[in-house]
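A.B. asks: show me how the following folds:
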Amino acid sequence: MNDAIAALGIADCLTGLKVIDLSRNLPGPFATRLLADLGADVTKYEPKSGDPARALGNLFDALNHGKACHKMDFKHPDDIAKLKSDIATADVMIDSFRPNVLEGMGLSPQALRADNPKLVIVSITGYGTTPNWADKAGHDINFMAMSGVLDQLKTASGEQAMPNVQFADLAGGSDTAVIALLAAVVNAKLTGKGRHIITSMTHSLYNHLVMPKATGKFVKALTQVTPTPEQDFLGGVLPCYRLYQTQDGRYMAVGSLELKFWQGLCQALDVNEHAASHWQMGVLPTHPQSQAAAQAIAQKFASQPLSHWQHYFTQFDVCVTPILTLAEAACHELFANQDEYGNVKPWYEIDPFTNDCN
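C.D. replies: Model prediction:
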């Protein structure tokens with residue numbers, strides 16, 4: 001079970017909710033994993049060849065624990081008939097097929113809801129129903145690229161960065177699907193009528209760009225120039241909100257966005273002469289004072305290795321943290337009682353004195 005869900009005491013909130021999962025790879029299976037973690041009864045149907053995620057080591061188990069998994073022939077009438085019978089008593093069905101695939105299998109949303117009026121169907125798609133795009137193939141990197149999100153991931157020098165986190169699949173696909181699904185389930189229980197929801201990972205990511213859309217306009221109003229991502233308000237131009245390199249080539253993350261945290265940071269680093277060089281004091285990134293402050297902070301962090309700063313800032317609450325590797329995060333006290341997939345580890349695998357990962 002996911003530790004965050006268990007800690008909130010909501011692990012049984014969806015008990016009794018019957019979910020049929022026809023999705024594959026990452027977005028849909030992660031969405032139904034969240035539902036299973038919340039207590040839903042999830043049955044996964046995959047082709048005879050198996051979900052492609054089975055080929056990726058423990059990924060399949062991480063995405064599909066807590067589900068009943070069955071393989072079937074999606075072209076065989078008997079298997080389709082059994083699946084339709086199961087769907088007829090379900091509350092939710094999730095798929096990640098391209099348009100018309102369900103219809104080709106005799107599982108059109110109209111036919112399924114004719115047998116089960118309360119059924120909520122969620123189809124996770126890459127591009128939604130947009131003409132010329134609805135039936136196009138794609139993966140996370142394509143959806144990120146088309147939404148504008150990938151362009152926001154730039155290095156300090158403006159070079160394009162290649163992310164190793166599947167933002168479209170997880171935030172644009174899974175989270176959006178789960179929110180829409182639960183809202184539709186509540187409505188179905190009130191009205192007796194289900195519905196077919198088509199989510200778009202690309203459109204969802206585009207809607208997630210709340211800050212860049214707002215801050216970009218803010219910076220343009222001040223400078224008359226549309227900022228590039230690395231020159232945006234929270235993209236690295238503010239001395240109080242950026243990454244600083246340490247002596248050993250690692251980085252510290254400074255999120256001292258509010259004036260009180262910035263002043264605390266300046267005090268901690270003994271650069272109080274820059275305490276007033278903050279955007280809330282009217283000192284914008286284009287001002288020499290702001291640039292001087294950024295240089296002074298950079299020189300301070302560059303004078304010691306990350307281990308020094310990691311220990312030093314435990315005594316200051318000014319929104320400054322080290323950038324941890326995945327391995328370091330896994331062994332940090334924040335995640336000491338979780339495995340690599342976010343599930344609670346058995347008590348005998350936790351060393352309460354060292355927080356070592358066994």
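
A.B. asks: keeping just the C-alphas, turn stretch 185-194 into CSV.
C.D. replies: Extracted C-alpha coordinates of stretch 185-194, given in CSV (Å, rounded to 0.1, in the frame of the first residue of the first chain):
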residue,chain,number,x,y,z
VAL,A,185,-18.7,8.0,-10.0
VAL,A,186,-20.2,10.3,-7.4
ASN,A,187,-22.5,11.8,-10.0
ALA,A,188,-23.5,8.3,-11.2
LYS,A,189,-24.5,7.3,-7.7
LEU,A,190,-26.6,10.5,-7.4
THR,A,191,-28.3,10.3,-10.8
GLY,A,192,-28.0,6.6,-11.8
LYS,A,193,-26.3,7.6,-15.1
GLY,A,194,-22.7,6.9,-16.0
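
A.B. asks: give me the mean pLDDT for that stretch.
C.D. replies: On average, the pLDDT along stretch 185-194 is 96.

A.B. asks: list of residues touching that stretch?
C.D. replies: Stretch 185-194 is contacted by residues 17, 91, 92, 113, 116, 117, 118, 119, 120, 121, 184, 195 when judged by C-beta atoms under 8 Å, 6 or more residues apart in numbering. Bear in mind the C-beta positions are built from the backbone N, C-alpha and C, glycine included.

A.B. asks: now find how far off-centre it is within its chain.
C.D. replies: Offset of stretch 185-194 from its chain centre (C-alpha atoms, centre = their mean, to the nearest Å): 28 Å.

A.B. asks: and the gap between the residue nearest the centre of the chain and residue 163?
C.D. replies: In the chain, the centroid-proximal residue (C-alpha atoms, centre = their mean) is residue 171; its distance is 4.1 Å. Distance, residue 171 to residue 163, by C-beta to C-beta, to the nearest Å: 12 Å.

A.B. asks: now do the helices in the stretch 101-250 of the chain.
C.D. replies: Under the criterion DSSP state H, counting those that start in this stretch, the stretch 101-250 of the chain contains helices at 101-104, 109-115, 140-147, 149-152, 167, 176-191, 201-208, 210-223.

A.B. asks: of all these, which lies closest to residue 125?
C.D. replies: Closest to residue 125 of the helices of the stretch 101-250 of the chain is helix 201-208 (C-beta to C-beta; 7.2 Å).

A.B. asks: what about the residue lying farthest from the centre of the chain, which SS state?
C.D. replies: Largest separation from the mean C-alpha position in the chain: residue 273, at 39.2 Å (C-alpha atoms, centre = their mean). Look at residue 273: counting by DSSP: H, G, I helix; E, B strand; the rest coil, its state is helix.

A.B. asks: residue 12 now?
C.D. replies: Quick answer, by three-state DSSP: residue 12 is coil.

A.B. asks: I'd assumed residue 41 was in contact with it.
C.D. replies: No. Using C-beta atoms under 8 Å, residue 12 makes no contact with residue 41, being 11.7 Å away.

A.B. asks: more neighbours: those two, which one.
C.D. replies: When neighbours are counted by other C-beta atoms under 10 Å, residue 12 and residue 41 differ, and residue 41 comes out ahead with 18 against 11.

A.B. asks: if I look at the closest residue to the more buried one other than its chain neighbours, how far off is residue 202?
C.D. replies: Spatial nearest neighbour of residue 41, excluding adjacent residues (C-beta to C-beta, 6 or more residues apart in numbering): residue 18 at 5.1 Å. Remark: distance between residue 18 and residue 202 (C-beta to C-beta) = 30 Å.

A.B. asks: tell me which of these two has more neighbours.
C.D. replies: Shown here are residue 18 and residue 202; by other C-beta under 10 Å, residue 202 has more neighbours (25 against 16).

A.B. asks: contacting residues for the residue nearest to the more buried one when sequence neighbours are not counted?
C.D. replies: Nearest residue to residue 202, sequence neighbours excluded (C-beta to C-beta, 6+ apart): residue 143, at 4.5 Å. Listed by C-beta under 8 Å, 6+ apart, the contact set of residue 143 reads 126, 127, 168, 172, 201, 202, 205.
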